[in-house]
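Undergrad: Structure of the sequence below:
(2 chains)
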Number of protein chains: 2
Amino acid sequence: MYKLISEDLGARYGKLKTRHATIETPFFMPIATKGTAKQISPQELEELGSEALIANAFVLHLKPGLDIIRKFKGIHKFMKWNKVVFTDSGGFQILSKSFLHKADDKGVYFKNPFDGSKKFFTPENVIKIEEEIGADVAMALDFVPHYGNDKNYIADCTRITHLWAERCVKAHEDKKQLLFGICQGGTFKDLREKSSKFINDLDFDGVALGGLGIGEGRELMNEAVKLSVKNIDKNKTRYLMGVGSPEDIIDGINLGVDCFDSRFPTMNARHGGIFTNEGKIDITKTVFRDDERPLDENCKCYTCKRFSRAFLHHIYRTYEPIRDRYGGIHNLYFIQQLIKKSRKAIKSNEFKDFRKEFLSSYKVNKNKKTFFTYQ
Amino acid sequence: MYKLISEDLGARYGKLKTRHATIETPFFMPIATKGTAKQISPQELEELGSEALIANAFVLHLKPGLDIIRKFKGIHKFMKWNKVVFTDSGGFQILSKSFLHKADDKGVYFKNPFDGSKKFFTPENVIKIEEEIGADVAMALDFVPHYGNDKNYIADCTRITHLWAERCVKAHEDKKQLLFGICQGGTFKDLREKSSKFINDLDFDGVALGGLGIGEGRELMNEAVKLSVKNIDKNKTRYLMGVGSPEDIIDGINLGVDCFDSRFPTMNARHGGIFTNEGKIDITKTVFRDDERPLDENCKCYTCKRFSRAFLHHIYRTYEPIRDRYGGIHNLYFIQQLIKKSRKAIKSNEFKDFRKEFLSSYKVNKNKKTFFTYQ
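TA: Below you'll find the predicted structure:
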């Protein structure tokens, strides 16, 4: 249940009440597809300020399998995370060649990547699985097109997403679990408008914006967000899926988004891309070879409290696998701090200034697209 | 400086004083070749009871390079580890085809694996490098033969090791740094005898047993240890390099060894081999799929306090990289506890019973060799 507490020219501060905990919005969720974040323990996720994470219902029902999760009385006890868990439905895996066999009005035929077998997945299935997993927030099954697909195709994906959304609402029985719908429509204004209205009118606790942050760039994404958000009731959580970078998150908050999730911080860390208040640096560059400073001088994450840029540069250049953890902790902490400061700024009606100041110091490389593609 | 405090039928309890700290013996060192343990942070190493670790002088002088370590005033500040650091000399890398070019009486010609260039490495070089790195304990340069090389070859490696040992002692200037020699001789009784006597008679603070735990098996290794240890002065630390498994460590302690290092605990963890009081289990086996117990019911490591076998089985079977950390923490903790209990048993003259009891419950698979080969 979402409660809007204050607004600052479109940016929102509120609280989302789930059965495990009530969390402040806006918030950001690290990814824990199979029940663990990549290289980062649940304890570390807590310490760096994460209140929620998102797992994947489709993947979890394949492995470890629902019988195991049932035995543990839900995902929280299985993965040892006492805070909020969202589960994505599997719609995003439609983008992946290694998962998708085919999809039609009835549902999705997935390939089981572990053994090659076919799995038929319907909106009703998905909801049942998410209920069994025991997520605090279940996501409806949606049909995600690639960016660049033609309008007819995207319109058809949107039509199917709507059919499935209705069936998800109907199938959902666990009233203690929140259910969010997902709108589609690519970056086509009319489709986005229509889809956000359609999904908003169904009985969902929140509305997610799907199919964004997949290559369309910042401008088109922000336009789609703007168009969608105005059609969503104020008492529903707005969730921009798969976003993302510091600049995209602060723009999303500015447009009234309450919730984000993304691989972006940890994926970047894996390749040496480190967020600082001056912008993203590449710690593998030779200039950091003898730099005694921490990654970011004002940062209080474990990595910055303990290690120098020179040491981190060294372990990146020698491919020590622990680099992913140290870099990931820093980047996730950076995002959690950005969100925390944003909440504070909204509450004191200073968000616009805060955003302006952040964006003026955080250099965005306009030539590089900051999105994640799923292959 | 080593101080023998009590003996229990050959097993020894004592203290090794280094410039950073005084540590109780026997002790076990995790490997931190490039200045970090694989997947395990310095904080975690401390929490699981490590008092010392071993880095590699040859590798560190290549990367990050001595200029960087000098700038940080030594390896401790660079890697952020305030406890004891040993540095191995590079002798062990002679076993590796990717490092060795050739070696003769003068020194070793190494290939730099980072750029393919040749590096000439002498005993004098090594000592200078280890002094610059600022290790608490430097290891002399030795010439390690493979297990299975013929006696003439091993005799020649031993002869060269002795030449180099004399030159290391002569070159060593930093009197606050301890220097350990390394004896060789393979599993040939006469060579081992001769080598341990020769190295013991030089002005070293400790004597290491090199070239063991590389395929000769438990029986031959223990025989070589027994032969060597009796030739080492009681006031010198005895260090069995590259060992190892719980059963080999407890045998080593029984024979009067004070110090161990090995990849064995973390390497095993990487492949699902987990130490428990009943023996090693393979957590990837299907039998653990729904097992709600921790890895070892009496264990107090982070992994056992937080996760079930079923969860760990799941992350091993889905190749989540964090498995290496959770498994490694458990195995290292197991070894540290084994050593801690051994110290206690020696102090109260109960070590023989303790060992017998441990070995009767810890099932050793005799068909599997528990050694590490370097390629």
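
Undergrad: buried residues in the worst-scoring helix or strand of chain A on mean pLDDT?
TA: Taking mean pLDDT, DSSP states H and E as the measure, the helix or strand of chain A with the lowest value is strand A:100-104, at a mean of 84. Buried positions in strand A:100-104, judged by neighbour count with 16 or more other C-beta atoms under 10 Å in any protein chain shown: A:A103. From N, CA and C alone the C-beta is placed, and that goes for glycine too.

Undergrad: Please list the residues of the stretch 151-300 of chain A that sit near chain B.
TA: For the stretch 151-300 of chain A, the contact set with chain B under C-beta under 8 Å from any C-beta of the partner chain comprises A:289-290, A:292.

Undergrad: From these, pick the one nearest chain B.
TA: Of all these, chain B sits closest to A:D290, with 5.5 Å by C-beta to the nearest C-beta.

Undergrad: A:V207: neighbouring residues, count only.
TA: By other C-beta atoms under 10 Å in any protein chain shown, the residues close to A:V207 number 26.

Undergrad: Leaving out sequence neighbours, find the closest residue to it.
TA: Distances taken as C-beta to C-beta, 6 or more residues apart in numbering or on different chains place A:I232 nearest to A:V207, at 4.7 Å, with adjacent residues excluded.

Undergrad: related to what we said a few turns ago, each with direction, which strands does the least confident helix or strand of chain A pair with?
TA: Here strand A:100-104 has these sheet partners by DSSP bridges: strand A:107-111 (antiparallel).

Undergrad: Which residue ranges make up each domain of chain A?
TA: Annotated domains of chain A cover A:2-262, A:273-359 [automatic domain parsing].

Undergrad: Is A:R238 part of a helix or strand, or is it coil?
TA: Using DSSP: H, G, I helix; E, B strand; the rest coil, the structure places A:R238 in strand.

Undergrad: That one and A:G206 touch, don't they?
TA: Yes - counting by C-beta atoms under 8 Å, A:G206 is a contact partner of A:R238 at 7.0 Å.

Undergrad: any chance you could read off phi and psi for the spatially most central residue of chain A?
TA: By C-alpha atoms, centre = their mean, chain A has its centre lying nearest to A:D261, at 1.5 Å. Dihedral angles of A:D261 (phi, psi; degrees, to the nearest 10) stand at phi -150, psi 150.

Undergrad: check contacts around it.
TA: Listed by C-beta atoms under 8 Å, 6 or more residues apart in numbering or on different chains, the contact set of A:D261 reads A:28-31, A:53-54, A:86, A:239, A:241-243.

Undergrad: Could you export the helix or strand that A:H76 is a member of as PDB, CA atoms only?
TA: In this structure, A:H76 is located in helix A:75-79 according to DSSP states H and E. Only the C-alpha atoms of helix A:75-79 are listed here, as PDB (Å, rounded to 0.1, in the frame of the first residue of the first chain):
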ATOM      1  CA  ILE A  75      12.200 -16.800  -0.400                       C
ATOM      2  CA  HIS A  76      13.000 -14.600   2.600                       C
ATOM      3  CA  LYS A  77      14.000 -17.500   4.700                       C
ATOM      4  CA  PHE A  78      15.700 -19.400   1.900                       C
ATOM      5  CA  MET A  79      18.000 -16.500   0.900                       C
END
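
Undergrad: Need the distance between the two termini of stretch A:59-79.
TA: 14 Å (C-alpha to C-alpha, to the nearest Å).

Undergrad: ok, residues contacting it?
TA: Against stretch A:59-79 from outside (C-beta under 8 Å, 6+ apart): A:20, A:32-36, A:42, A:55, A:81-82, A:85, A:87, A:90, A:93, A:112-114, A:119, A:129, A:132-135, B:289-290, B:292, B:308, B:310-311, B:313-314, B:317-318.

Undergrad: re the thing from before, and the contacts of A:D261, which of them are in helices?
TA: Nothing among these maps onto helices, per DSSP state H.

Undergrad: what is the rounded mean pLDDT of whichever helix in chain A runs longest?
TA: Assignment by DSSP H gives helix A:323-347 as the longest helix of chain A. On average, the pLDDT along helix A:323-347 is 98.

Undergrad: next one: that helix to chain centre, how far?
TA: Using C-alpha atoms, centre = their mean, to the nearest Å, the mean C-alpha position of helix A:323-347 is found 14 Å from that of the whole chain.

Undergrad: How about the helix or strand immediately after that helix in the chain, which residues are buried there?
TA: For helix A:323-347, the following helix or strand on the C-terminal side (DSSP H and E) is helix A:351-361. Across helix A:351-361, burial judged by 16+ other C-beta under 10 Å covers A:351, A:354-355, A:358.

Undergrad: what's the most distant pair in the residues you listed?
TA: Based on C-beta to C-beta, the longest span within the buried residues of helix A:351-361 runs between A:F351 and A:F358 and measures 10.2 Å.

Undergrad: Would you map the helices across the stretch 101-250 of chain A?
TA: A:123-133, A:151-171, A:189-201, A:218-229, A:246-254 (DSSP state H, counting those that start in this stretch).

Undergrad: Give me the three-state assignment for A:R12.
TA: strand.

Undergrad: so A:E173 sits right up against A:E131, yeah?
TA: Yes - between A:E173 and A:E131 there is a contact under C-beta under 8 Å: 6.8 Å.
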